[in-house]
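Asks: here is my input, please return the structure:
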Amino acid sequence: MLNDQERSLAIEALLEAHRSKKPCTQLSTQWPHITIDDAYAISHAVAQKRMAGGARIVGHKIGLTSKAMQASSQIDEPDYGHIFDDMLLNDGAKVRHADFCVPRVEPELTFVLKEPLKGPNIGLVDVLRATEYVIPSIEIIDARVQNPRKIFDTVADNGAAAGLVLGGRPVRPEEIDLRWAGAVFYRNSEIEETGLAAGVLGHPAMAIAWLANKLAPFGVTLEPGHLLLSGSFTRPVWADKGDTLHADFGPLGSVAVQFV
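Replies: Here you go, the predicted structure:
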């Protein structure tokens with residue numbers, strides 16, 4: 001594991017990358033002995049510093065939950081990060097490309113809880129029972145760490161979370177079979193990706209269950225009102241300056257974001 005000085009250097013490197021919008025050197029290259037526990041500790045410490053600066057945690061993102069995402073990242077296990085209030089964007093938002101290092105976007109489903117969830121042993125039915133509604137979303141991911149990244153780099157970098165665009169038609173989980181919720185993902189009117197939410201661990205609610213159980217040893221509860229991003233069921237799409245990204249979720253409506 002990293003010593004205290006090495007963790008402090010890693011934390012500062014990530015904070016500086018967030019400020020400067022210039023990715024830092026891979027933590028896994030600088031400190032090959034880094035562990036997954038180090039990575040989550042670094043992510044937590046960065047979150048604490050951001051909260052000390054006025055940011056507020058409003059939920060969590062879960063990543064690398066589908067084979068498409070794991071293949072694109074060459075990582076074979078899910079990860080998670082924090083969603084801060086300053087990441088939330090409305091449907092159709094225009095965001096500055098310069099506010100990111102190397103932004104990419106993904107269509108996902110966001111779960112909003114009405115009841116707390118705390119592991120261990122949380123399953124599919126528990127998640128559906130605790131969910132108030134599910135809303136179509138686009139996640140903006142960003143790499144504050146240079147490529148090629150390992151799981152340690154992505155986890156330490158808040159799971160690459162950078163923005164969350166909410167839109168479409170919120171639905172209660174009992175209204176539809178969420179496995180068959182799908183999206184056609186466009187960049188500037190061209191279809192880039194298509195997919196079904198079943199690609200996320202067989203059912204997107206299973207990603208929420210994974211998170212509740214993953215956080216249980218740390219005494220963390222998923223709180224009512226929290227936004228829980230279940231993970232992409234397509235590969236990420238690059239976002240260049242001037243691009244408009246549009247996710248059509250069919251009967252659940254659509255959500256879009258533009259980079260200027």
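
Asks: tell me the contacts of residue 56?
Replies: Residues counted as contacts of residue 56 (Cβ atoms under 8 Å, 6 or more residues apart in numbering) are 84-85. C-beta: built from backbone N, CA, C; applies to glycine.

Asks: could you rerun that using 6 Å?
Replies: Contacts for residue 56 (Cβ atoms under 6 Å, 6 or more residues apart in numbering) come out as residue 85.

Asks: please apply the same query to the one 5 residues further on.
Replies: Listed by Cβ under 6 Å, 6+ apart, the contact partners of residue 61 are 81, 83, 159, 161, 229.

Asks: take the residues you listed and keep only those in helices.
Replies: Per DSSP state H, helices hold no members of the contacts of residue 61.

Asks: which one of these has the most neighbours?
Replies: residue 229 (29 neighbours; other Cβ atoms under 10 Å).

Asks: now do the SS call for the closest residue in space to that one that isn't next to it in sequence.
Replies: Distances taken as Cβ to Cβ, 6 or more residues apart in numbering put residue 61 closest to residue 229, at 4.0 Å, once the chain neighbours are dropped. When classified by DSSP: H, G, I helix; E, B strand; the rest coil, residue 61 comes out as strand.

Asks: how much space separates residue 61 from residue 191?
Replies: 25 Å (Cβ to Cβ, to the nearest Å).

Asks: count residues in the vicinity of residue 124, would you?
Replies: The local packing of residue 124 (other Cβ under 10 Å) involves 15 other residues.

Asks: model confidence for it, exactly?
Replies: Listed pLDDT for residue 124 reads 98.

Asks: can you show me the strands along the stretch 151-260 of the chain?
Replies: With DSSP state E, counting those that start in this stretch as the criterion, the stretch 151-260 of the chain has strands at 161-166, 182-187, 190-196, 227-229, 237-238, 244-248, 254-259.

Asks: grab the CA positions of stretch 41-51 and hand them over as PDB.
Replies: In PDB, the C-alpha atoms belonging to stretch 41-51 read as follows (Å, rounded to 0.1, in the frame of the first residue of the first chain):
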ATOM      1  CA  ALA A  41      -9.000   6.100  -0.100                       C
ATOM      2  CA  ILE A  42      -7.600   8.700  -2.500                       C
ATOM      3  CA  SER A  43     -11.000   9.100  -4.100                       C
ATOM      4  CA  HIS A  44     -12.600   9.600  -0.700                       C
ATOM      5  CA  ALA A  45      -9.900  12.100   0.300                       C
ATOM      6  CA  VAL A  46     -10.400  14.100  -2.900                       C
ATOM      7  CA  ALA A  47     -14.200  14.100  -2.300                       C
ATOM      8  CA  GLN A  48     -13.600  15.400   1.300                       C
ATOM      9  CA  LYS A  49     -11.500  18.300   0.000                       C
ATOM     10  CA  ARG A  50     -14.100  19.100  -2.600                       C
ATOM     11  CA  MET A  51     -16.800  19.200   0.000                       C
END
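
Asks: now it: buried residues?
Replies: 41-43, 45-47, 50 (16 or more other Cβ atoms under 10 Å).

Asks: reformat those residues as CSV; add distance to residue 20.
Replies: What follows is these, written out as CSV (distance: Cβ to Cβ, whole Å):
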residue, distance to residue 20
41, 23
42, 18
43, 19
45, 19
46, 15
47, 19
50, 15
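
Asks: which of those residues lies closest to residue 27?
Replies: residue 42 (7.5 Å; Cβ to Cβ).
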